[in-house]
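# fold the following, please.
(2 chains)
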Amino acid sequence: MHSTFKYIPIVAVALSSASMNKLYAQQRSIQGKVTDATTGQALAGVSVRVSDQNKSTLTNAKGEFTISTTGKDDPFLEFSFIGYESQQVRASGGSISLALKPSSTDLDEVVVVAYGTSKRSNITGSVSTVSSKAIENRQVSSISKALEGQVPGLQSVASSGQPGTDATIRIRGIGSINASSSPLIVLDGNPYAGDINSINPNDIQSISVLKDAASSALYGSRGANGVIIITTKSGKASGDTKINLNFTQGYSGRAVKDYEQVTTDEYFQLYWEALRNKNLSNGLNAAQAAANASRTLLVDLKKNPYGSQFPQPVGVDGKLVSGAKTLWDDPWKDVLQRTGVRTQGDLSFSGGSEKNTYYISGGYLNDQGVAIESGFKRYNLRANIDSKVKSWLNAGVNLGGSSTFQKYPQSEDSNTANIINFSRLVPSFYPYYERNDDGSYVEENGKRVYDFGAYRPSAASPRNNLAATLPLDKNDIRRENISARAYLEALLTTNLKLKSTYSLDYINSNTHDYENPLLGFSAETFGTVARSSVRTVGQTWNNILTYEKQFGLHHLNVLAGQEYYAFNSSNISGNRSYFVLPGFYEPVAASQLDGFTGSSVDYKLLSFLGRLEYNYDNKYYFSSSLRTDGSSRFSPDKRWGTFWSVGGSWKMKQEDFLKDNNTINQLTLRASYGGQGNDNLGTYFAYQGLYTIANSLGKGGTYTGRLATPDLKWETNLNLNVGVDVSAFQDRVSLTVEYFDRRSKDLLFTMPMAASTGYVGYDANIGAVKNTGIDVDIRTIPVKNDNFKWNLDINFSHYKNKVTSLPDNTKSIISGTKILRVGGSVYDFYMPEWAGVNPENGLPQWYLADKDGNNTGEKTSKYSDAGSFVAGSSLPDIVGGLQNSFTYKNFDLSALLSFSLGGQILDNDYIQLLHNGNNAGRAWSKEILNHWTPENTQTDVPKLTTDATNWTSASTRFLYSGTYARLKNVSFGYSLPGALLKRINIDKIRVFATAENLLTFYGHKGMDPEQTVNGNTYFRYPAMRTISGGVQLVF
Amino acid sequence: MKITKIKLIYILLGLFFVTTSCKDNLDTVPTTSVTEEQIYKDTRGVATVVNGTWKYLNDTYFTYANPGYTAIMRTSDAMGSDVAVTTKYGYRDAYAFTELDNRRSSRVSYFWTLFYKVIDNTNNVIAKVDGVTGDVADKNFLKGQAKALRAFIYLNLASFYQFSYLKDKSAKAVPIYTEPSTLQTKGKPRASLEELYQLIVKDLKDSEVLLATATKVEKYQISIDVVYGLLARTYLQIGEWKLAAEYATKAAAAHSLMSAADYQAGFNDAQNSEWLWGHLQTTEQNTASYTFHYIDVSSSASYYYSFMADPYFKDLFDKDDVRYALFEWDGLKGREGFLRYKKFKMKTNQIGDIVYMRSAEMLLIEAEGYARAGEIEKAVAALNKLRQARNAKLFEGSDNAKLIAEILIERRKELWGEGFALSDIIRTQGKVTRMAFLNDKGEPIQVQVVDEEGKTKLIDGQGHRVIKFSDGSNFVNNSPYYLFAIPNTEYEQNPNL
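This next block holds a predicted model:
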């Protein structure tokens, strides 16, 4: 469907009266020229369209155009061009020359909205956009990572830095507790079921973020958490084919340094002390305790980096014996981490004629990670073709295909195979190559031998050397994505259109995990291999009828339609072991079958939708939408849900009292309200009582899975949005402020049950959550002259997430270290409160709670007895971004700083480096040097002993501030002068340098501050800093 | 042109309505689950619940250290006197008495989940099997399996979550559920040991009838002999000494003691003549086998080998005892000086069956039951039958107290690593006894080992590293440190507890 359109004051139209020659013929041709109102230069590629007619063209390199029209009235021509204010002109003559005014604000841009496009100023809801410029040449492999700091109200958290991984996105708070809080992704008009990382960011024309009911209720049951609409580039009818070539090459390292560890000398003395203290508590006297500690030190640590001439490197005084010097120091990060290389190349062709336009592109990306054997490769192709088949019929197809290859060694979880965690587990006195007692390398055939450390204590990952095995193993994920959208659009009458769109998103994903038969864990089973194949198909078919008409000062746009969505995912996987010989990787070569399985799921959604938009005299806008969805997730009686919205806006600038005000260029008030839904509660079968299949020993088996919940239904979000858009001082300053209030209803929620019932809970529509907040978007142009332009944009948002009701008689619901309670946020921490180290005996302490859960102020050293208390939320107070861009002559510089203020993170990664001596051989953080001793009693690190004191158990001790700011992207470019280029027939050459995650400002050293939304670390791959150089060629 | 246009519009409008007929197409079915109605149609459906529940109990993977029910047996041994658990991952905190008393520890919640999920499944079978179509014989078999399994779980709960029945049978232990849970089910209060044992005995007596004629029972299923064995264990707990002995005799009758050679075979095969009951493992179903990585201290594939023997435990055996040959001082790098007791060995493909009940245990129950009932002759006969099979010195004399003490030591020797250590300590109201492996000067005792190159050398022997409770106090009888905690989540979600 088409945009609603409005007449705007024509600022600089000069009608060529000389050629004014009124023709009332059925068909005539209009010629003209379009220039830039400020520079007077010709503008090429401006879209010229005859209103209400299916005719459009583009201006050529000289800014000239010719277009034919029908009808006896003078037609209206619409001129639009990115970066300029759109204009509508009545073509009363045969020739028009028009000067377009550069738009310094986005209020006039055409933006993509639900089931169509609309002019920014016509939108009654809340829609933010990100332009291609803000995405191009960002050194990220997934577009989801490029959104951080760019959109007010959008929180993007990249908890993993592994190339190819996606960021988690939340729009306007956390809308759900047990159901998904992720927004719906729409690609080129239809909901997208493919991989986000398969889309080449350089193919993207724009991203629209729909945040309120008026803008997203048309997506009904899927829009409750907001909608992100990604639109890819399309061709322009320009005669010449435009070729765009981009190439970047860069290098990646860690964005922040890892936790600092103690030296080997410190380690040995610390561990001696732990042993001595344990001996004392076992009843030995001081002399025996010290002597035994010296004697058993190496029994526990197993490796002597001081050489065999120091069989007891730490003396009975707890100090290194004189002369003892470490013979080696082998930090494992040296062999497990590297500088990654990142290469990206993109080539696109775009162009077309009046009848057909095309955009064809190909891309290549090779993004190596900082961890060895990790990386992401992508090849992609895109062809977007639009055709005016007949005067009354348009057709088009958008086809995207990609093939990705991700090398994905384990990089989260506490699993011993976690490559990121490994160098935090194993201290540097355990060598990675086998060493003789004197520190020299053991060599076989002149080569060093990897040390698998069978002798290492279990806290230091024995029998494991990822530097040796990973290059021989495979952790491969190969995925092919095909995403096709095809439409037919019939213009039934001048005002009525019918569009039928079919889309298919197909993913074929193959994993290949192989452990080699020679070295490492799988040597005992002579290798293992696991393969899986998953086929995912999402299909959408919709048919939309739109009617648009202007009656005098009344403008009406009505949409009605129907949509059907079918999703299927099926998988098979199997694993085998005992390879026939080394050098074989596929299951066929392994002799023992260890497992084979497969399953599939189906999900279907049928919808009917409608929308009405009306404006009076381009001053008063009203919109309303309605959608009914039937979902296969719920029981036949409960599966239909209805969602709706109403919205309005008042363009005050159009009123007489502001019309002539030169200071204020725009002033619009907007408000909307409506209900959207969410059915994504994690299971596709949410009503029957189910038994999980668990076959055993060759016989069929089942056990209880979920309790029947025949009354379960949608959760609904009631969403209020009130906003104001202001633009002033020749559009040098523009501001959008929005207030929102999102309230959930019938929240999908796991009603907890006592585990002794055999269930942890059941799904129910209970409880309510509220998100209220404010989004602010300020765009300014502080300096603008012929040579120099400075854009300064800032956006930020603040929201308060609050649980407003819980199931009957439930005061609070505790899960792990989190609590849900009325008045709190959905991510409130709940855990024992750290009460410091007892100065008397060096033991850790926590506060006790009374019967009602209140802190008594008394302390205990028994973790099990400690009370649990609410301890703040993981949710930040303010998130936002600051974008600066400067252009000086041919130079351009831009910088995006994103920030997140407030919120807390429970650092579980760090605590494993803070054991009190109970994990012999596990690496130790520098902080442990501050442990309690009879001399150092004022500390919050307890005394060392080999007993578990539980001091690293979850407590407020390990909550750290989540506040940070990150220089997400800096880019500096130089475009070669145009005059020079003209001679070699090139439109543009730009050379640039760009850096991703260049600087990070944060408090808790070692922990990457970008963790999950719920504030838990999980031994994840850290963010990468990538510095690249590149060149862009347009000809 | 106009005609094509109209045609096309009709097509589009047609499509518009065709898709609306998809309305009937919104029913989908899961592929990894079965609906309740399908299950409780006939005995075949109910049989899947019995079989699946067994798998759940045994092969539910929580963590590497908690691979199903075997984790409970390993924990019981780690908290006893005879396993010197090393600092390796898995059971070191249980061994140090810093884990199972901690109601926030994850293992505490895993055990609880495992037990009560099985209880609810057996409750479903017991309540619904009579209403489905099928032969009475099949129904009896299924109900008998479910009742006996439920009794087994409640017996575990009664053994680990409260002190001995003979100490105080009115002590509150854990909640009892006998009906299938529904959306309306609320958490139940803790029941007394007396109530628990009433239910256990009743369930077992019922299955004694229900399973009396069952034939072709697999080793992993509950045969009538297993029911006898469970009754013997139960009666031993509640001081019905004679009944315990008699049921033990019945249970063991058809299962001859293994040969000396079989004793060295690794305790990994349910085919062993002595086994009444066990869990089977295949290359595909092998979660429970992970337990061998802790108790197998001699296979090269064993990853943690953390269940080393207390050096003083070795001194309980005679040199000629077939079991004595299983001891060996470890000379490998990184584990030098620990004492291996090579009772458990994984099979070559790293799996192994799990033993739950053997006739040797039944003989020991028989001996203990008769001894405590005052029938010394019968008791000595049972004890010596086992000792003879193990080539151990026979018991002589008629001192009953000494006899009972010897039987309890024999239980430690014979059942080492089979999950009885802690439950025996609780049951007999005894205490953990552990000594550091030091001489009277407080220095490590030297032992002779053979290193990787085959050289013999003297090094420090390694024994118990935890010889007191974590608060520094000595091990005592009936210490609360011995009991498994009820998880914190249960306290939070069950106000009736």
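# in the stretch 1-150 of chain B, what residue lies closest to chain A?
Proximity of the stretch 1-150 of chain B to chain A (Cβ to the nearest Cβ) peaks at residue B:120, 2.7 Å away. In short, each C-beta sits where N, CA and C put it, glycine included.
# so what's that residue up against?
A:704, A:757, A:758, A:759, B:177, B:180, B:181 (Cβ atoms under 8 Å, 6 or more residues apart in numbering or on different chains).
# around chain A, pick out the residues from the stretch 251-400 of chain B.
Residues of the stretch 251-400 of chain B lying close to chain A by Cβ under 8 Å from any Cβ of the partner chain are B:280, B:282-286, B:300-301, B:303-304, B:306, B:332-337, B:349-350.
# quick one: residues contacting residue 403.
You didn't pick a chain, so chain A it is. So residue A:403 contacts A:378, A:379, A:380, A:478, A:479, A:480, A:481 (Cβ under 8 Å, 6+ apart).
# wrong one, chain B
B:371, B:376, B:379, B:380, B:383, B:395, B:397.
# now with 7 Å?
By Cβ atoms under 7 Å, 6 or more residues apart in numbering or on different chains, the contact set of residue B:403 is B:371, B:376, B:379, B:380, B:395.
# need phi/psi at it.
The phi and psi values for residue B:403, taken as degrees, to the nearest 10, are phi -60, psi -50.
# do residue B:314 as well
phi -60, psi -30.
# and the gap between the spatially closest residue to it that is not a sequence neighbour and residue B:297?
Take residue B:314 and drop its neighbours on the chain: the residue closest to it by Cβ to Cβ, 6 or more residues apart in numbering or on different chains is residue B:327, 5.0 Å away. Distance, residue B:327 to residue B:297, using Cβ to Cβ, to the nearest Å: 11 Å.
# what do you get for residue A:946?
As judged by Cβ to Cβ, residue A:946 and residue B:297 stand 21 Å apart.
# which residues are in contact with residue A:820?
Counting by Cβ under 7 Å, 6+ apart, residue A:820 makes contact with A:177, A:803, A:806, A:812, A:813, A:826.
# below-threshold pLDDT in the stretch 1-150 of chain B: ranges please.
B:1-24 (pLDDT under 70).
# so what's residue 194 closest to, chain neighbours aside?
Going with chain A. residue A:505 (4.1 Å).
# you answered for a different chain; I wanted chain B.
That would be residue B:169: by Cβ to Cβ, 6+ apart, it lies 4.4 Å from residue B:194.
# quick one on the thing from earlier: the more surrounded of residue B:327 and residue B:297?
residue B:297 (27 against 17; other Cβ atoms under 10 Å in any protein chain shown).
# isn't there a strand covering the more buried one?
No. Counting by DSSP: H, G, I helix; E, B strand; the rest coil, residue B:297 falls outside a strand, being coil.
# what's the single longest helix in chain A?
Longest helix in chain A by number of residues (criterion: DSSP state H): helix A:264-281.
# quick one: that helix near chain B?
Yes. Helix A:264-281 lies within reach of chain B by Cβ under 7 Å from any Cβ of the partner chain, at residue A:281.
# contacting residues around that helix?
Against helix A:264-281 from outside (Cβ under 7 Å, 6+ apart): A:262, A:286, A:288-290, A:292-294, A:296-297, A:300-301, A:305, A:313-314, A:318-320, A:326, A:329, A:427-429, A:916-917, A:920, A:924, A:928-929, A:943-947, B:472.
# what does the stretch 901-1035 of chain A put close to chain B?
Residues of the stretch 901-1035 of chain A lying near chain B (Cβ under 7 Å from any Cβ): A:920, A:947, A:948, A:950, A:953.
# if you set the cut-off to 8 Å instead, what comes out?
Residues of the stretch 901-1035 of chain A lying near chain B (Cβ under 8 Å from any Cβ): A:918, A:919, A:920, A:946, A:947, A:948, A:949, A:950, A:953.
# next, name the residue at the spatial heart of the chain.
Reading this off chain A. Centrality entry for chain A: nearest residue to the mean C-alpha point is residue A:167, 2.3 Å, by Cα atoms, centre = their mean.
# to clarify, I was referring to chain B.
residue B:73 (4.2 Å).
# in the lengthiest helix in chain B, what's buried?
Counting residues, the longest helix found in chain B (DSSP H) is helix B:136-160. For helix B:136-160, the neighbour count (16 or more other Cβ atoms under 10 Å in any protein chain shown) marks B:138-160 as buried.
# scan the contacts of residue A:820 and report the most crowded one.
residue A:826 (25 neighbours).
# touching, residue A:149 and residue A:895? I think so.
No. Between residue A:149 and residue A:895 there is no contact under Cβ atoms under 8 Å: 10.8 Å.
# anything in contact with each of the two?
Contacts common to residue A:149 and residue A:895, judged by Cβ under 8 Å, 6+ apart, are residue A:883.
# tell me which of these two has more neighbours.
residue A:149 (28 against 18).
# got the contact list for that one?
By Cβ under 8 Å, 6+ apart, the neighbours of residue A:149 are A:156, A:795, A:879, A:880, A:881, A:882, A:883, A:896, A:897, A:898, A:899, A:968.
# relative to residue B:41, which of those is nearest.
residue A:156 (49.8 Å; Cβ to Cβ).
# confirm that residue B:363 sits in a strand.
No. Going by three-state DSSP, the assignment for residue B:363 is helix, not a strand.
# and it, how far from residue B:411?
For residue B:363, the distance to residue B:411 - Cβ to Cβ - is 10 Å.
# these two: which is more packed in?
Remark: of residue B:363 and residue B:411, residue B:363 carries more neighbours, 27 against 21, as counted by other Cβ under 10 Å.
# close enough to count as contact, residue A:690 and residue B:31?
No. With contact defined as Cβ under 8 Å, residue A:690 does not count as touching residue B:31 (11.3 Å).
# mind listing what residue A:886 touches?
A:788, A:789, A:790, A:791, A:892, A:893, A:894.
# which of those residues ranks first by neighbour count?
residue A:894 (19 neighbours).
# give me the nearest residue to that residue, chain neighbours excluded.
residue A:885 (3.8 Å).
# tell me the contacts of residue 242?
Assuming you mean chain A. Counted by Cβ under 8 Å, 6+ apart, residue A:242 has contacts A:236, A:349, A:350, A:351, A:987, A:1034, A:1035.
# sorry, I should have been clearer: chain B.
Counted by Cβ under 8 Å, 6+ apart, residue B:242 has contacts B:369, B:370, B:373, B:375.
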